[in-house]
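> No sequence on hand, only this structure:
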């Protein structure tokens, strides 16, 4: 059993209600003693309100739940955690996923008990009902506005701006849309059009480079012929699902068109005839190095693609190709056969795991953002301890506390200071650890997974070892590993 206690006070509460951090700490210690639990590790946010979850020590605590193995999180009151029901339920759900329970020392709310879980479930049902009611009202209101067509309720596409709720043509962008339409009718594909736009320095509405997909999506929008379409799609989890067309809300002659209908529908026929077979792009699980391979010529990613060649029999071959070339028309066509490059990487990992440390000659990137955050948090807590010790002395000098209370407070502060200094020393020692030894240790631990026939398991293991692999001229392979 491992306990963490969270205490919080805002400046106003400390002044007006006396909810001091010391008082909360004492209550948590007493509660653990009464329950027969070990002494808790205390996380404190001094001067932070509970309007949201953006608090440094709470953030650190939630991160430590995954790594430190806490079994219980306790507070003196539920509102120390948050004053928003949705936030409370989100935190408790998060704790539950990591086999950690929550308890309040002054309220009958303990998720380790059936009654506590029932209370949580009831609160969850109420919160879920309220969220659904709010979402339903928002959807109904948006549909009503869409049917009237009096006010734009969606973001404008390339070619238009919204001013005072009205869709207006952006002349500069509209001319580019018309040029894109002309190129399509002249036989240029979406990738070639994206390449031309990028070479001209034209950017999308969001300021990004064009891809073949963004070109096709723009040229298929009815907005370009003056129609407004709403309620076309909805989100289910992470998927975007298209509704049946009869459920769409369509308003014709809604705004000034950029393209005439004859041109628009001619473009649709061309785009539909050029749809690529879905078999060319396969599930990323088939490719161990998805997201890791980088083109050494342009810096873009290399993506997995499968092609089919028919002679006397159908033959399928898997390759990694430069995404910049495939999607934006930049760089040049070059590729790697999947089995060849994956074999090279696996052999490199096996070598790392088996050679002696002095034979290692590798490039390593530091992987320490969490450690830096921990170090900064410890240094900040040490600074606060110094301030707290000074305040205790001032309180004693002003006859606000007794010498006995001062001594007890100083003992608590000194004990916490020793714990923080020890933690800081451990962090600094881990930062000095040899990166090559860290990579080798990790490679040995993950080697069985790397060699597994389960490609998802192998892919996950490789991603824990390698930051990226740079490929130049389809032959030169440079691996950058994750360090300490």
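Cool, the structure landed. Fair warning: this is a prediction, and the values are worked out from it, not measured in the lab. Numbers count the residues shown, from 1 in each chain.

> Surely residue 417 and residue 383 touch.
No - applying Cβ atoms under 8 Å, one finds residue 417 not in contact with residue 383, separated by 11.1 Å. For glycine as for every other residue, the C-beta is placed from the backbone atoms N, C-alpha and C.

> Pick out whichever of these two has more residues nearby.
residue 417 (15 against 10; other Cβ atoms under 10 Å).

> Name the helix or strand for the residue of the chain positioned farthest from its centre, please.
The C-alpha centroid of the chain is most remote from residue 399, which lies 51.4 Å away (Cα atoms, centre = their mean). Residue 399 belongs to no helix or strand when elements are defined using DSSP states H and E.

> where's it relative to residue 406, distance?
Residue 399 sits 11 Å away from residue 406, going by Cβ to Cβ, to the nearest Å.

> Tell me which helix or strand comes right after the lowest-mean-pLDDT helix or strand in the chain.
Lowest on mean pLDDT, DSSP states H and E among the helices and strands of the chain sits helix 11-16, with a mean of 52. Counting by DSSP H and E, the next helix or strand C-terminal to helix 11-16 is helix 21-35.

> So in that sheet, which strands flank whichever helix or strand comes after that next one, and in what orientation?
Next in sequence after helix 21-35, counting helices and strands by DSSP H and E, comes strand 41-46. Sheet pairing of strand 41-46 (DSSP bridges) gives strand 3-9 (parallel).

> Which parts of the stretch 1-150 of the chain are strands?
With strands called from DSSP state E, counting those that start in this stretch, the stretch 1-150 of the chain shows them at 3-9, 41-46, 72-75, 101-104.

> Among the ones you listed, which comes closest to residue 156?
Residue 156 lies closest, by Cβ to Cβ, to one member of the strands of the stretch 1-150 of the chain: strand 41-46, at 41.9 Å.

> circling back: adding distance to residue 455 and mean neighbour count as columns, could you present the strands of the stretch 1-150 of the chain in a markdown table?
Converted to a markdown table, these look like this (distance: least, Cβ to Cβ, whole Å; neighbours: other Cβ atoms under 10 Å):
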| stretch | distance to residue 455 | mean neighbour count |
| --- | --- | --- |
| strand 3-9 | 38 | 23 |
| strand 41-46 | 40 | 19 |
| strand 72-75 | 37 | 23 |
| strand 101-104 | 37 | 20 |
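
> any chance of these in TSV, plus distance to residue 350 and mean pLDDT?
Listed next are the strands of the stretch 1-150 of the chain as TSV, based on distance: least, Cβ to Cβ, whole Å; pLDDT from 0 to 100:
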stretch	distance to residue 350	mean pLDDT
strand 3-9	40	92
strand 41-46	40	91
strand 72-75	42	92
strand 101-104	43	86
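
> Could you dump those strands into TSV and include distance to residue 321?
Listed next are the strands of the stretch 1-150 of the chain as TSV, based on distance: least, Cβ to Cβ, whole Å:
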stretch	distance to residue 321
strand 3-9	49
strand 41-46	49
strand 72-75	48
strand 101-104	49
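
> right, and those strands - which one's nearest residue 202?
When those are ranked by proximity to residue 202, the top entry is strand 41-46, at 47.6 Å, counting by Cβ to Cβ.

> Which stretches in the stretch 251-400 of the chain count as strands?
Under DSSP E, counting those that start in this stretch, the stretch 251-400 of the chain gives strands at 293-295, 302-310, 314-322, 335-337, 363-365.

> which of the ones you listed is buried the deepest?
The highest mean neighbour count among those, using mean count of other Cβ atoms under 10 Å, belongs to strand 293-295: a mean of 24.

> Alright, that wraps it up for me.
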